[in-house]
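Q: this one's structure only:
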């Protein structure tokens, strides 16, 4: 075979092989991990996306380990076990998350309360035993549900729960906080197109690789196979809270898992609440708080919080929508 023809074939083969391999700019990473009692999914594009994506998931898994309310080995469980007894040293992540939780508890005037652990346990028992707690039991738990009693020491990264029986449950903010930390890793790696989903908390970076916008559908809480519309977040998070996936029935009445820390009973005013914001942790907590507050008070909270938009749907299907929410319809 002539050298010229051989050279042409080699160049052609090299070209074909190269065309079959994605370029670094087209590199894509997709992976799902079960964390925070839900599926956590990362989709990231660009050079280094696999390494950054795996590192982000590891970071999120570490946050799950230290904040897990149901794991006896977590830092939160150790803090709860020490209530009324001693101060507990915390990692930077757990301490920062508690600080953020107290700030948002103040912002929501207690509609979001990280000290809700005693009420969560009470209603978990009710769900398991199919027996409602008595009003006396609920009243006895309310004094323990008070975030203002949580004592944090920023100089030593310690926390103290002053009353025996107090307990912290960060389930309404930990996923968002973990998404926030995972996204920081992706951004530091130079990733300009990505999406992270942790349950109802969905954060996007930039646009899709084809330059189209990311789209997040808003489910109809009263007709679960129906989508009300969609939003197009740009470096934002969309977070939805609802009782349609975690509820239980006792004596013919349905009860949701989102408990009003001010009354001690599951919230009943709302079907779902969706928040769009820049901070995943804030959106996570506000979605719960506005669900508990209901349409009127919840919408006021949304309006009063900078860089936040949202939609609250009542049990009758009526909607309260903030002025800046751009809801697209199919």
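A: Looks like it arrived, so ask away. Quick caveat: nothing in here was measured; it's all calculated off a predicted structure.
Q: Could you count how many residues lie near the closest residue in space to residue 241 that isn't next to it in sequence?
A: Among residues not flanking residue 241 along the chain, residue 287 sits closest, at 4.0 Å (C-beta to C-beta, 6 or more residues apart in numbering). (C-beta placed from N, C-alpha, C; glycine too.) Applying other C-beta atoms under 10 Å, we find 32 residues neighbouring residue 287.
Q: Kindly report the same for residue 283.
A: Counted with other C-beta under 10 Å, residue 283 comes out at 30.
Q: quick one, what contacts it?
A: Residue 283 is in contact with 176, 201, 237, 238, 239, 275, 276, 277, 308, counting by C-beta atoms under 8 Å, 6 or more residues apart in numbering.
Q: these two touch, right, the third one and residue 177?
A: The one in question is residue 237. No: judged on C-beta atoms under 8 Å, residue 237 makes no contact with residue 177 at a distance of 11.4 Å.
Q: Overlap of the contact sets of those two?
A: Listed as contacting both residue 237 and residue 177 by C-beta under 8 Å, 6+ apart are residue 280.
Q: all strands for the stretch 1-150 of the chain, in order.
A: 28-35, 38-45, 88-89 (DSSP state E, counting those that start in this stretch).
Q: if we can go back for a sec, touching, the residue nearest to residue 241 and residue 218? I think so.
A: No: using C-beta under 8 Å, residue 287 is not in contact with residue 218; the gap is 12.0 Å.
Q: anything in contact with each of the two?
A: Counting by C-beta under 8 Å, 6+ apart, the contacts common to residue 287 and residue 218 are 240, 274.
Q: coming back round to it: please identify the helix or strand for the residue nearest to residue 241.
A: Using DSSP states H and E, residue 287 falls within helix 280-293.
Q: ok now stretch 198-206, how far from the chain's centre?
A: Here the centre of stretch 198-206 is set off from its chain's centre by 9 Å, with C-alpha atoms, centre = their mean, to the nearest Å.
Q: Go ahead and name everything in contact with it.
A: Contacts of stretch 198-206 (C-beta under 8 Å, 6+ apart): 35-36, 38-41, 60, 175-176, 178-180, 183, 186-187, 191-197, 214, 216, 233-242, 280, 283-284, 287.
Q: Now that stretch: buried residues?
A: 198, 199, 200, 201, 202, 203, 204, 205, 206 (16 or more other C-beta atoms under 10 Å).
Q: what ranges do the helices span in the stretch 151-300 of the chain?
A: Applying DSSP state H, counting those that start in this stretch to the stretch 151-300 of the chain gives helices spanning 174-188, 280-293, 295-304.
Q: Show me what the shortest one packs onto, helices and strands only.
A: In other words, helix 295-304. Applying 3 or more C-beta pairs under 8 Å, 6 or more residues apart in numbering; DSSP states H and E, one finds that helix 295-304 contacts strand 270-277, helix 280-293, strand 309-314, strand 319-321.
Q: what about 6 Å?
A: strand 309-314 (3 or more C-beta pairs under 6 Å, 6 or more residues apart in numbering; DSSP states H and E).
Q: Tell me who's in contact with the residue nearest to residue 138 when sequence neighbours are not counted.
A: Nearest residue to residue 138 in three dimensions, chain neighbours excluded: residue 264, at 3.9 Å (C-beta to C-beta, 6+ apart). Contacts were defined as C-beta atoms under 6 Å, 6 or more residues apart in numbering; by that measure residue 264 touches 119, 138, 142.
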